[in-house]
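J.: pasting the structure only:
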């Protein structure tokens, strides 16, 4: 089955810790994205990558980092510099310019 | 600055009636628009799209209307079903030209409740 897999689905973190969210896709999509969703707000773009070994900051990249070493994988690290990391994180992929296909999301809670 | 706005946070309709979800945008460079549907604790799923060369696109019970002069689009669901209860996001993108990155700008979402 083709799709996007995010893990873990739920994650708890202590303040000051970095945490990495995994995103894997087997759709052979070139582009991958990380969005953040907060209550009452739309999805906001954190980082995106259109090709392996290249990525760009989105609208709210501060406190986050990504890598794109493989086409299938686009992990997101939420660093201790992110001031308000508790949120629902969504990974997506697409052919460049095409519709986005989303994973099921990862809910991060900072204790 | 919110480039894509869904001004109604919620909408409640009776089963069998029409649901109309609205979306406004400010950037005249947008020329591709999409609607996504999201259930709690799941990722959004693509529902329907429209490009700026059209003013209407229909897919089964779902129809999207685009009014470019008003920078407004709407999603009509008819007849509405209880399973349609979800959060609906509209999204916009410039798909032509070198500025295209495939990234979308999303509205805040509208929660639709369809009552049996």
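T.: Here it is on my side, so go on. No experiment lies behind these values; they were computed from the predicted model shown. Numbering: from 1, shown residues only, chains lettered A, B, ... in the order given.

J.: helices and strands of chain B: which one bottoms out on pLDDT?
T.: Least confident helix or strand of chain B, by mean pLDDT, DSSP states H and E, is strand B:105-106 with a mean of 89.

J.: ok, it: who's next to it in the sheet?
T.: strand B:86-93 (antiparallel) (DSSP bridges).

J.: I'd like the mean pLDDT over the strand it pairs with, please.
T.: For strand B:86-93, mean pLDDT rounds to 93.

J.: same question, stretch B:67-80
T.: 97.

J.: which of the residues in that stretch are buried?
T.: B:71, B:73, B:74, B:75, B:76, B:77, B:80 (16 or more other Cβ atoms under 10 Å in any protein chain shown). Placement of C-beta: from N, CA and C, glycine included.

J.: partners of the fifth one in the sheet?
T.: Think residue B:76. The partner residues for residue B:76, given DSSP bridges, come to residue B:20, residue B:63.

J.: on that earlier part again, for residue B:7, state which of the buried residues of stretch B:67-80 is nearest.
T.: Ranked by distance to residue B:7 (Cβ to Cβ), the buried residues of stretch B:67-80 are led by residue B:74 at 11.8 Å.

J.: contacts only, for the closest one.
T.: Residues near residue B:74 by Cβ atoms under 8 Å, 6 or more residues apart in numbering or on different chains: B:20, B:21, B:22, B:23, B:64, B:65.

J.: who wins for neighbours among those residues?
T.: residue B:23 (27 neighbours; other Cβ atoms under 10 Å in any protein chain shown).

J.: which other helices and strands does the helix or strand harbouring that one contact?
T.: Assigned by DSSP states H and E, residue B:23 belongs to strand B:19-25. Packing partners of strand B:19-25 (3 or more Cβ pairs under 8 Å, 6 or more residues apart in numbering or on different chains; DSSP states H and E): strand B:4-5, strand B:10-14, strand B:32-38, strand B:72-77, strand B:86-93, strand B:110-115.
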